[in-house]
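# dropping the sequence and predicted coords here.
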Amino acid sequence: MTGLEDLYREIILDHYRSPRNRGELPVPPALRLEGFNPLCGDEVVLYLVIEDGTVADVKIAGQGCSISQSSASLMSAAVKGKSVAEARSLIRSFKAMMSIHETTLAEPGSGSQETVGLDDKEAHGGKIPEEEIGLGDEDHPVDLESLGELAALQGVVKFPVRIKCATLSWNVLAQGLDEAEAGVVQKNQAG
Amino acid sequence: MANLTEQAPQKTGIGLDPIDVPAIAADFPLLRRAINGHRIVYLDSAASAQHPFSVIEAMDHYYGTSHANVHRGVYAVAEEADRLYEDARKAVGRLIGAPHPEREIIFTKNATESLNLVAYSWARANLVRNDAVLLTEMEHHANLVPWLMLAKERDLNLRYLSLDDAYRLNLSNLDRLMEGVRLASFTLMSNVLGTMPPAAVLVDAARRAGAVVVADGAQFVPHFPTDVASLGCDFLAFSGHKMLGPTGIGVLWGRQELLEEMPPFIGGGGMIRDVTLDGFLPTELPWKFEAGTPPIAEAVGLGAAVRYLEAVGMERIAEHDRALTSYALQSLSERFGRDIKIFGPDDPNDLSARGGVVSFALRDIHPHDLSQVLDQSGVCVRAGHHCAKPLMRRLGVSATARASFYLYNDESDVDALADALGEAAKLFS
Ligand SMILES: Cc1ncc(COP(=O)(O)O)c(C=O)c1O
C-alpha cells in the first residue's frame, strides 16, 4: 500500500479514533465558527475562547473524514493555551506544509456561515512534483520542528484532493482569530 | 469486437446467453490499465462508463476522414458528416423505440441540459403561478435544480414523493399528491439507491391528472431495454457518457406534438428558418432545439456506443447487471454482516425494482477514506453525495460510497471490492 502509510499515519488514526477537545462551549463567551467542505460534506465546528491574547479554550464538533477530523483534533491540541500570535504562526507553518501560501487563506470576517476550506490547490492542477511536497517555498519555508505532531499530516500533500480536508479546520481557526480580535477592537472602542 | 451477434428482441431474461465478460472487457482499452500495481477494477460506471474501441475508433475515423460542419455544406465531406450525425440520431431513436427518431431525438450536451430544455421551453411556456410540479425525494440535482429555479421564477408549487424505509417511493398518497399536477418528473432509477420506481403506476396517475411526464433515464437507459411507447412518458432525458459513449453529448426524446408546440430553448445558428432585424422564425424539429454547431464527433461516438449495446443486447445487459448486483448484495452481507449498511433495496433474491448501483457504508468509516484505501487496490468506487443532497439528508448521512456495475464487470470485480473493503476495515479498526 504505497503512499497510504504516509496518509494514514498512526498519530492521525489515533486522533481520528479519539479526537481531543471534542465538544461544545457556551456561546458567548465562546465564539462559534463553522467550516464546510461542500465537495465531500466535511464539517468542522470550532468553539474558541480568546482571553488576554491567549487561546484559553477550544472545542471541536462536526463530522467528516479521518483527515479533516484528525487535523482539527491535532490543531486543537496544538493551539490550546498558546498566544494568538503563536497560533497564527502555526497556521502559517501548517499552510506552508500544505504548500498553500497565506494569501489563499479564507477572507476573514465574512460571517460564521461562510464556507471556508476550499482553496486554490486544485487550480494549480493535478499532481504536485515530489520534491515540492510539503516543503513550502523560498518565501515560506516550513519549520517542521515547530509543527510537532502536526507534521504527521505532511503526507496529505501527496493526495491533492485531500488537502482541503486537512486545511478545513485551520481556515476556520484563522477566521475565528480574526473575529476575536475584531471583537476586542470593537469593545475597546465602545469602552 | 467480441463475438457479438445481432440479437432478436427478447421479452424475458430467461434463456439468454450470459455475457462473455472477458471478451467484452477486452474491447475496453482503459480496462487494461494497472492502478497502484493492480488491475483496474472499475466500479463507477453510474458516474461515467468506459468506452469500447469501436466508439473511440468511430470518433477518430470521423475526425480523420469526414469532419465538416453539419447542415451547411454542399460538398462530399460535409454531406458525409451530415449523414453520420443523422445516422447517430436514428440509432439512438431505435434504441429507445422512438416513433419518429428523425424529429424527436434532440442532441444536447448531457441529461442535465435535456432536463433544463424541458424546464426552460415546455414548462416556461405552460406553467403559471401556483401550478404544481411533482418530483421525488430521490432525484439527482439535475432533476431538482431546474425545477427549483423555475419554481422561484414562476411561484410554482413543488411536491415530492417521499421514500419509505425500504428505500422505495411511498405511493400511498399518490393520487392526492398528483391532484392538479401539471408536470411530473422522476428518475427511472436512482443513481444512489438503485431503486426503480414503478414507472407505469406513476405515469398512469399523472395521465389521470392530465400532467405531462418527464422521465430521467440517465441511469436506466444505459442498463435496461427502453421503449418510450410502453413507458408512456412525454419526455425522456439521458446522457451519452453513461452508456459507453463520449462526454459532451446527451439526448432528449420528446413526443413530436409537444416538441412542435414548444418555443426554442437556446437561440443561434442552425435553429432558424429566417432571421430579420426584427425577429426570427425557428426551423423544424429536431434542429429547432440544436442551436450552434452540435457535438458532431460525440454524436458519432454515441451512435457507435448504441450499436455496441445493441449487438450485446440490452436484455442480456440487464440480466447481467441483475445477476452481478445480486452476487454483490449477497457477498457483501456474508462478508461484513452488520458492519455494512446498504442504502437501497438489499434483498439479493429480489432484483425486480432495483438496478446495478450499490451504495453502502462500512461501519463508520468515512466514504472518502474508504475510496482512498480502495484506490490502492485499483478499485474505483465513488464517494460523496452523488449530486443528491436532499436524498443524503433523508438518509441521514453526508456521503455514501457507491459501487456500480456494467457489462464489463464480473464476480471477480465484486470479490476485489470485498477484499479491498476488508483492508480498509483493518486499517480503521
Ligand atoms: C439519475 C441521474 N440524472 C441525471 C444525471 C446527470 O447526468 P449528466 O451529468 O451527464 O448531465 C445523472 C448523472 O449522474 C444521474 O445519475
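That came through, no problem.

# so what are the domain limits for chain B?
Domain assignment of chain B by automatic domain parsing yields the ranges B:4-51+B:313-427, B:57-310.

# what parts of the stretch 1-150 of chain B come near chain A?
Among all residues of the stretch 1-150 of chain B, those adjacent to chain A (criterion: C-beta under 8 Å from any C-beta of the partner chain) are B:36, B:37. Glycine gets a C-beta too; all of them are placed from N, C-alpha and C.

# and the strands in the stretch 1-150 of chain B?
Remark: strands assigned in the stretch 1-150 of chain B by DSSP state E, counting those that start in this stretch are B:34-35, B:38-39, B:41-42, B:105-108, B:132-136.

# so who does residue 78 touch?
I went with chain A, as the question did not name one. The contact partners of residue A:78, by C-beta atoms under 8 Å, 6 or more residues apart in numbering or on different chains, come to A:90, A:147, A:148, A:149, A:150.

# switch to chain B, please.
By C-beta under 8 Å, 6+ apart, the contact list for residue B:78 reads B:68, B:69, B:70, B:72.

# which regions of chain B sit below the pLDDT cut-off?
In the predicted model of chain B, residues B:1-15 satisfy pLDDT under 70.

# as a check, name the ranges of all strands in chain A.
Counting by DSSP state E, chain A forms strands over residues A:31-37, A:42-51, A:54-63, given from the N-terminal end onward.

# just want the angle from the first one to strand A:54-63.
When you say that, I think you mean strand A:31-37. Our comparison of strand A:31-37 with strand A:54-63, counting by axes from the mean of the first three to the mean of the last three C-alpha atoms, to 10 degrees, yields an angle of 40 degrees.

# at the contact with the ligand, which residues of chain B appear?
Remark: the part of chain B in contact with the ligand comprises B:110-112, B:140, B:142-143, B:187, B:191, B:216, B:218-219, B:239, B:250, B:387, using C-beta under 6 Å from any ligand atom.

# now, those residues that are in helices?
The helices, defined by DSSP state H, take in B:111, B:112 from the residues of chain B next to the ligand.

# follow-up on the earlier one: what is the nearest of the contacts of residue A:78 to the ligand?
Ranked by distance to the ligand (C-beta to the nearest ligand atom), the contacts of residue A:78 are led by residue A:150 at 37.5 Å.

# please name the nearest non-neighbouring residue to that closest one.
Using C-beta to C-beta, 6 or more residues apart in numbering or on different chains and skipping residues adjacent in sequence, the residue nearest residue A:150 is residue A:74, 5.4 Å away.

# longest helix anywhere in chain A?
For chain A, the helix with the greatest residue count under DSSP H is helix A:163-190.

# how about the backbone phi and psi for residue B:252?
Taking degrees, to the nearest 10, you get phi -120, psi 120 for the backbone angles of residue B:252.

# what's the closest non-adjacent residue to it?
Going by C-beta to C-beta, 6+ apart, residue B:252 has residue B:114 as its nearest residue, at 3.7 Å.

# for chain A, where's the lowest mean pLDDT among helices and strands?
None of the helices or strands of chain A scores lower by mean pLDDT, DSSP states H and E than helix A:144-147, at a mean of 76.

# would you mark the buried spots in that helix?
Taking 16 or more other C-beta atoms under 10 Å in any protein chain shown as the neighbour-count basis, helix A:144-147 is seen to contain the buried residues A:144, A:147.
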